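>>> model this:
(one chain, ligands or ions: 3)
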Amino acid sequence: MKRAFILLLDSFGLGATPDAAKYNDSGANTFGHIAAWAAKAGTPMNMPTLEKLGLAAAAHTACGRWADGFSQRDGFTAAYGAARERSTGKDTQSGHWEIAGVPVEFDWGYFPRTVPSFPAELTARLRELGNVPGFLGDCHASGTEIINKHGDEHVATGKPIIYTSADSVLQIAAHEESFGLERLYELCEIAFKLVEPYNIGRVIARPFVGANGKYTRTTNRHDYAVAPPAPTLLDHVKNGGGEVIALGKISDIFAAQGVSRVVKGADNMALFDALLKVADEAGDGALTFVNFVDFDQAFGHRRDVAGYSNALHEMDARLPEFMAKLREGDLVVVTADHGCDPTWTGSDHTREHIPMIFFGPGVQPRALGISDTFSDIGQTVAHHLGVQPLSNGTNLL
Ligand SMILES: O=P(O)(O)O[C@H]1O[C@H](CO)[C@@H](O)[C@H]1O
Ligand SMILES: [Mn+2]
Ligand SMILES: [Mn+2]
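Ligands and ions are numbered 1, 2, ... in the order given. Next up is the predicted model:
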């Protein structure tokens, strides 16, 4: 019996890649800077499970220095290493698709850092087709800040808040009650069609609630994403007869292509509970792919170092529950899709190495070094499950 699990810690980078300067990210280090912050605060990080697997050693491989508070130098229980991205984007879709064997060789479209950021003809058309009185925002912004800045005016006028980031994305925020959730989704569907000529990867609905200058986002986020340009690991597994179980936002990221079953969870720990259940149920040939989004959405973009550190500790503390459920023939990889250094300027992702930590009953612990594409992960999983090889990547085990 063969099964595979990809546990993706969204944005958990291990240090800047050689091409990071192009992204103004030289020196960024999500893990390293969180560990340094914790040590300086007098509460060094302590993640015994991930450390034992080889996380700190993988980070050392990636950035050439040991993260503060981590002392294990040998005796690891996983095959560990790091990987650099071939795709030009440091966004979630590029990272996930490349892991699944499809690096993004074309350039995504991006909206400029001007105000307004969106082309006038695009917003005019969206206003008309969406039947709204206009828009607020129309700039690069942090999603949690912009709803508090414009929330009152949005509720008063019914004008949705539109914004973007360094990702190829158009986001629309609107009040769940005063504007209406279904109406927001409909507006996003219209926008998704309209952004096609601009080569935009995603339109994201960002519903929120609250009143009088105090607004918070709800869990009803919905992504409208373009499909991967070629078959991915998910398609290979599904076509080979294995079940592809997508937890969290995985199905959205792949536009549901190659997905057999979708399991949602409100936050990292709810997703972890779902993962434990799936680990009991998944059958021979199954691929379980989970995205733990809080690292990125709730802490990385928010530049919340303490929150990111807590989330990592929570994950580390619960990993043994998952490991206890592994069977002969199971392969697990812990990885990420890009960085989002919470000590960095701005609120965007950072161009970094990602971890590749392979473990399971049949995995020989060893150092894997640095891969020059995330696709080595997908190819290794494809090889393990015995499905058709991917067009990119090398089997590492
Ligand atoms: O600031 P928020 O709305 O969380 O936006 C973040 O979430 C989007 C999708 O991951 C990215 O474009 C990023 O900027
Ligand atoms: Mn991501
Ligand atoms: Mn993000």
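>>> Check the offset of stretch 289-297 from the chain's centre.
Offset of stretch 289-297 from its chain centre (CA atoms, centre = their mean, to the nearest Å): 5 Å.
>>> So which other helices or strands are in contact with the longest helix along the chain?
Counting by DSSP state H, the longest helix found in the chain is helix 305-323. The helices and strands touching helix 305-323, judged by 3 or more CB pairs under 8 Å, 6 or more residues apart in numbering; DSSP states H and E, are strand 3-9, helix 30-40, helix 48-53, helix 268-281. From N, CA and C alone the C-beta is placed, and that goes for glycine too.
>>> mind redoing it with 7 Å?
With contacts taken as 3 or more CB pairs under 7 Å, 6 or more residues apart in numbering; DSSP states H and E, helix 305-323 sits against helix 30-40, helix 48-53, helix 268-281.
>>> wait, what's in contact with the residue in the stretch 251-397 of the chain that ligand 1 sits nearest to?
Nearest to ligand 1, among the residues of the stretch 251-397 of the chain, is His301, at 4.6 Å (CB to the nearest ligand atom). Going by CB atoms under 7 Å, 6 or more residues apart in numbering, His301 touches 142, 340, 347.
>>> For this protein, list the residues in contact with ligand 1, please.
Residues of the chain lying close to ligand 1 by CB under 6 Å from any ligand atom are 92, 142-143, 165, 167, 169, 171, 204, 206, 297, 301, 347.
>>> For those, work out which two are farthest apart.
Thr92 and Ser142 (16.2 Å; CB to CB).
>>> coming back round to it: so the longest helix of the chain versus strand 3-9, what angle?
Helix 305-323 and strand 3-9 meet at an angle of 170 degrees, taking axes from the mean of the first three to the mean of the last three CA atoms, to 10 degrees as the criterion.
>>> how distant is helix 305-323 from the center of its chain?
Worked out by CA atoms, centre = their mean, helix 305-323 lies 16 Å from the chain centre.
>>> buried stuff in that helix?
If you call a residue buried by 16 or more other CB atoms under 10 Å, then helix 305-323 has these buried ones: 305, 307-309, 311-312, 315-316, 318-319, 322-323.
>>> Stretch 283-301 now?
In stretch 283-301, counting by 16+ other CB under 10 Å, buried: 285-301.
>>> okay, how far is it across it, tip to tip?
36 Å (CA to CA, to the nearest Å).
>>> For it, the averaged confidence score.
Stretch 283-301 carries an average pLDDT of 98.
>>> again, but for stretch 27-43
Taken as a whole, stretch 27-43 has a mean pLDDT of 98.
>>> ok, how many other residues are close to the closest residue to ligand 2 within the chain?
Residue of the chain nearest ligand 2, by CB to the ion: Thr92 (3.2 Å). Using other CB atoms under 10 Å, Thr92 has 27 neighbouring residues.
>>> hang on, the earlier thing: among the residues of the chain next to ligand 1, which ones are in strands?
Using DSSP state E, the members of those that fall in strands are 169, 171, 204, 206.
>>> Excluding chain neighbours, give the residue nearest to the third one in space.
Taking CB to CB, 6 or more residues apart in numbering, and ignoring the residues beside it in sequence, Ile204 has Gln171 as its nearest neighbour in space, at 4.6 Å.
>>> give the contact list for the one you found.
Neighbours of Gln171 in contact, by CB under 7 Å, 6+ apart: 143, 162-164, 204, 206.
>>> Go through those residues and single out the one with the most neighbours.
Neighbour-wise, the contacts of Gln171 (other CB under 10 Å) top out at Ile162, 29 neighbours.
>>> show me where the chain has helices.
Along the chain, the segments classed as helices by DSSP H run 30-40, 48-53, 55-63, 92-99, 120-130, 143-157, 181-194, 233-239, 250-253, 268-281, 294, 305-323, 375-385.
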